[in-house]
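S.K.: Need a 3D model of the following:
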Amino acid sequence: MSGHHKENFITKYIFSMDHKMIAKQFLLTGMFMAIVGMLMSAIFRVQLANPGESSWLYSLLPSGWTNADTGALDPDKYLALVTMHGTILVFWVLTAALSGTFANFLIPLQIGARDMASGFINMLSYWFFFLATVILMYSVFYDDPETANIVEGPASGGWTIYPPLSALKDAIPGSGGGMTLWLLSITIFIVGSLLGGLNYIVTVLNLRTVGMSMKRLPLTVWGLLITAILGVLSFPVLLSCGLLLLFDRSFGTSFYLSDIIINGVALDYEGGSPILFEHLFWFLGHPEVYIILLPALSIVSEVISVNSRKPIFGYKAMVGALFVIAFLSFIVWGHHMFMTGMSPFLGSVFTFTTLLIAIPSAIKVFNYLATLWRANIRFTPAMLFAIGTVSAFITGGLTGIILGDSALDINVHDTYFVVGHFHIVMGLSAIYGMFAGVYHWFPKMYGRMMNKNLGYLHFWGTFICAYGVFFPMHFLGLAGLPRRYYSNEAFTMFEGLSDINSIITFFALAGAAVQALFLLNFFYSVFKGPRATQNPWKSNTLEWTTPVEPIHGNWPGDLPVVHRWAYDYSKPGSEEDFILQTEPLKEGEKEH
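M.R.: The predicted model follows:
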């Protein structure tokens, strides 16, 4: 748009209101946090493989985190690393970075809009996220010399921050100021998420271009829209949960506390229940799984269809499955709480709803496989990661059947079986989907191409190492090994499992090293990669009709007019194996 005011460095790159730049800000911030979270996991995996020994990796930690005599990692700081790793990966990387990057980048481009409904609110959503990031990172190094050691350090009660460890400032190291900073950062994080989610919803509903009916929306937009609705409905519950926890910590209330004794002294808390916290937390916690998964699965829908050169199989069923998953995600939270003493009848209800959610999930998997069946597949790095997403979703989903059954879950609850399950079904699926999206839309983001061979190495290294880490964890869990323990040698019955822990740590460190290939490929290609053409993947969606060099307003002239759905690939009678959505229907041609 030629009439747009001239931008300076500050308004273009820092306080930008352009959805494309805000998407890059989310992506780069998320990449930084992913590196931090990955390094934390590498450090505590070294401790588990070599308990009580020193390592050069510990030199990356703040002073006081290791034993001055032996150089071993401090047990309390081990818990802090586990807590912060989970927090960073679940909320900062898989929630904010994934949705923030692709919702911001793709929604206006794929619906034919100039920008988001509110550029200012969009900018605020990122800066709230950035402020939350700064506070969370500060909490890692938090140290108050005026207080006793018992309250120093970052939050250490696990990423789920169950009370009373999170509600009493002197419960354990990490229950003091670091825990307060954790709660402050998550509160600000939620504010940014709600601002972004409302913006995404309004944009999709109100700013679609001429001809872009809801039934012509790409599945990426459907997934991001439903994800935003999930976030708007569930994050306020986590916010209220955190505020009540702050009241218990700071104002003497007893929402989550009752009959607490510390060092032989009974505290003046009566009538509260930590089970209330679990209900509130997991009411967000399970929709959160799909807030993470649905954007990745929707990215996969687009990437698989484009690189199969086939229409996505069962478009309406895919959209319907998204709605059913979203609805059911609100009535399954109790399967996280089978060990809290809930009545067997209530447990059976949550078992039923949990197993029910496998049906729409299976529909999506079937449709992916049907799209791939007898397709003319192009094995780009994005396509490999998309297929890897489907693989992880199936593998992790199968173990979820065990954890969703109240009778079976009791045997493996809080063991490494749970860790292996949710890292595969939620972590790997979402991370693979995120990589697929970056490789696929990188030419549109930066106008250059990433190196394909480095992409192949990155995929296979990541794929092999990820299964090398998380698949053996299921066997540790079946053997009864509890998660979050500083050392597995505390019990003689687990001594025989040390070799498996060493194998897991080897693959974890190798997998972390492989990510250097992606970082090298990404940043080199941003500046030195080959120039991209306007539509390098020969895709149908509207973003590939915009100029290679991004401009404010996305399209230089009038907005595009849509005449067909997004998946007319290899259509009989067409000269090419793709037809842009802007291509009018020919005489006698029927729309899908």
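S.K.: what about the helices in the stretch 351-500 of the chain?
M.R.: Residue ranges of the helices in the stretch 351-500 of the chain, as given by DSSP state H, counting those that start in this stretch, are 358-372, 381-403, 406-412, 416-422, 429-446, 452-478, 498-528.
S.K.: Same question for the stretch 51-200 of the chain.
M.R.: In order along the chain, the stretch 51-200 of the chain carries the following helices (DSSP H, counting those that start in this stretch): 75-87, 98-111, 119-140, 177-206.
S.K.: Relative to E591, tell me which of the ones you listed wins on proximity.
M.R.: Across those, E591 has its closest neighbour in helix 98-111 (17.9 Å, Cβ to Cβ). C-beta: built from backbone N, CA, C; applies to glycine.
S.K.: Tell me how far that closest one lies from the chain's centre.
M.R.: Centre-to-centre, helix 98-111 and its host chain are 15 Å apart (Cα atoms, centre = their mean, to the nearest Å).
S.K.: That one - contacts with which helices or strands?
M.R.: Helix 98-111 makes packing contacts with helix 19-49, helix 119-140, helix 177-206, helix 219-250, helix 274-308, helix 429-446 when contacts are defined by 3 or more Cβ pairs under 8 Å, 6 or more residues apart in numbering; DSSP states H and E.
S.K.: From the chain's centroid, how far away is the first one?
M.R.: Going by Cα atoms, centre = their mean, the spacing between the C-alpha centre of helix 19-49 and its chain's C-alpha centre is 11 Å.
S.K.: and if you look at the last one?
M.R.: Relative to its parent chain, helix 429-446 has a centroid offset of 13 Å by Cα atoms, centre = their mean.
S.K.: now it against helix 19-49, angle please.
M.R.: With axes from the mean of the first three to the mean of the last three Cα atoms, to 10 degrees defining the directions, helix 429-446 sits at 140 degrees from helix 19-49.
S.K.: will you turn the helices and strands packed on helix 98-111 into JSON lines that also has distance to S406?
M.R.: Conversion of those to JSON lines gives the following (distance: least, Cβ to Cβ, whole Å):
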{"stretch": "helix 19-49", "distance to S406": "29"}
{"stretch": "helix 119-140", "distance to S406": "35"}
{"stretch": "helix 177-206", "distance to S406": "29"}
{"stretch": "helix 219-250", "distance to S406": "23"}
{"stretch": "helix 274-308", "distance to S406": "15"}
{"stretch": "helix 429-446", "distance to S406": "24"}
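S.K.: now for these, which one comes closest to I551?
M.R.: Go through the helices and strands packed on helix 98-111 one by one with Cβ to Cβ and the one that ends up closest to I551 is helix 19-49, at 9.5 Å.
S.K.: Hey, what's the angle from that closest one to helix 177-206? Just curious.
M.R.: Orientation note: helix 19-49 sits at an angle of 140 degrees relative to helix 177-206 (the same axes, to 10 degrees).
S.K.: List the buried residues of helix 19-49.
M.R.: 19-27, 29-31, 33-38, 40-49 (16 or more other Cβ atoms under 10 Å).
S.K.: which helices and strands sit right next to it?
M.R.: With contacts defined as 3+ Cβ pairs under 8 Å, 6+ apart, helix 19-49 has these neighbours: helix 75-87, helix 98-111, helix 119-140, helix 429-446, helix 498-528.
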